[in-house]
Each structure stands twice: as C-alpha cells, then as structure tokens.
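Undergrad: Just need the structure, nothing else, for what follows:
(one chain, ligands or ions: 1)
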Amino acid sequence: MDRHKEIDICGMAIDHFGMDKQVKKSVEELTELSLELIRDLSGRGNRKKIIDEMVDVEIMLSQLKRMYLPSHTDFEEFNERWMFKLNRLKNNIESERNAVDNDSPQSE
Ligand SMILES: [Mg+2]
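TA: Now for the predicted structure:
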C-alpha cells in the first residue's frame with residue numbers, strides 16, 4: 001500500500017469516528033503494545049501479538065500525525081524535533097561508548 005492510500009484511510013477513520021474517539025483509540029493501542037512488551041520482558045511474550053500491536057500503534061500514529069500536524073509547518077516542526085531527538089540519542093550512545101572506552105584498563 002502506498003503512502004497516499006495510507007493517508008486516505010487514516011483521514012477516513014478520523015472523519016468517520018471523530019478525533020476524540022481516535023485519540024482514545026490511540027491510548028488504548030499504546031496500552032496494548034505496552035502490555036505485550038511487559039509480558040515479553042517477563043518471559044511470557046508472544047512475537048505475533050507484539051507485531052500486531054506494533055501495527056495497531058503505527059496506524060494510530062499515522063492518524064495522530066494527521067490530527068496534530070495539520071499544516072506543513074506543523075510537520076516541519078515534528079521533523080525538526082525528530083532529528084533533534086535522534087541526534088541526541090546518537091550523541092548519548094557515543095558518550096557512553098567513550099566513557100566505557102576511557103574506563104577500560106587498556107586505555108590507561
Ligand atoms: Mg491492538
């Protein structure tokens with residue numbers, strides 16, 4: 001399915017069910033994924049259920065983007081924050097790796 005078809009279906013869902021219902025559905029799907037991940041961490045995970053819940057969350061995230069990022073400017077703001085946080089994650093990993101390298105006996 002191409003990106004335009006996904007956007008059309010997400011728009012249909014918001015128009016049909018309404019924003020409030022889709023925001024509540026998003027919370028529900030996020031909770032379901034959280035519960036599956038917690039089950040997995042406790043050794044009772046089910047890969048198929050995790051995948052299904054990840055798909056549900058992706059679909060709801062597409063709808064949330066449509067609802068909360070209605071303009072091109074909003075989407076640019078989202079992308080800027082996405083890049084900032086991704087770069088921050090990379091920097092944190094590099095800092096931790098450098099700290100480990102500097103603490104190892106071979107670095108002395
Ligand atoms: Mg679900």
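Undergrad: if I look at residue 5, how far off is the ion?
TA: According to C-beta to the ion, to the nearest Å, residue 5 and the ion sit 21 Å apart. Placement of C-beta: from N, CA and C, glycine included.
Undergrad: check which helix or strand covers that residue.
TA: helix 3-17 (DSSP states H and E).
Undergrad: so what secondary structure elements neighbour that helix?
TA: helix 19-41, helix 47-68 (3 or more C-beta pairs under 8 Å, 6 or more residues apart in numbering; DSSP states H and E).
Undergrad: Per the annotation, how does this structure divide into domains?
TA: 1-68, 71-108 (automatic domain parsing).
Undergrad: what about the worst-scoring helix or strand of the chain on mean pLDDT, distance to the chain center?
TA: The helix or strand of the chain with the lowest confidence, counting by mean pLDDT, DSSP states H and E, is helix 3-17 at a mean of 90. Centroid separation for helix 3-17 versus its chain: 19 Å, with C-alpha atoms, centre = their mean, to the nearest Å.
Undergrad: in that helix, what's buried?
TA: 10, 13-14 (16 or more other C-beta atoms under 10 Å).
Undergrad: Can you add distance to residue 92 and give the residues you listed back as a markdown table?
TA: Compiled in a markdown table, the buried residues of helix 3-17 are given as follows (distance: C-beta to C-beta, whole Å):
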| residue | distance to residue 92 |
| --- | --- |
| 10 | 32 |
| 13 | 36 |
| 14 | 35 |
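Undergrad: Return the member of these nearest to the ion.
TA: residue 13 (14.2 Å; C-beta to the ion).
Undergrad: Could you pull up the residues touching the closest one?
TA: 22, 63 (C-beta atoms under 8 Å, 6 or more residues apart in numbering).
Undergrad: again, but for residue 36
TA: 45-46, 49-50, 53.
Undergrad: Show me what from the protein comes close to the ion.
TA: Neighbours of the ion within the chain, by C-beta under 5 Å from the ion: 29, 32, 56.
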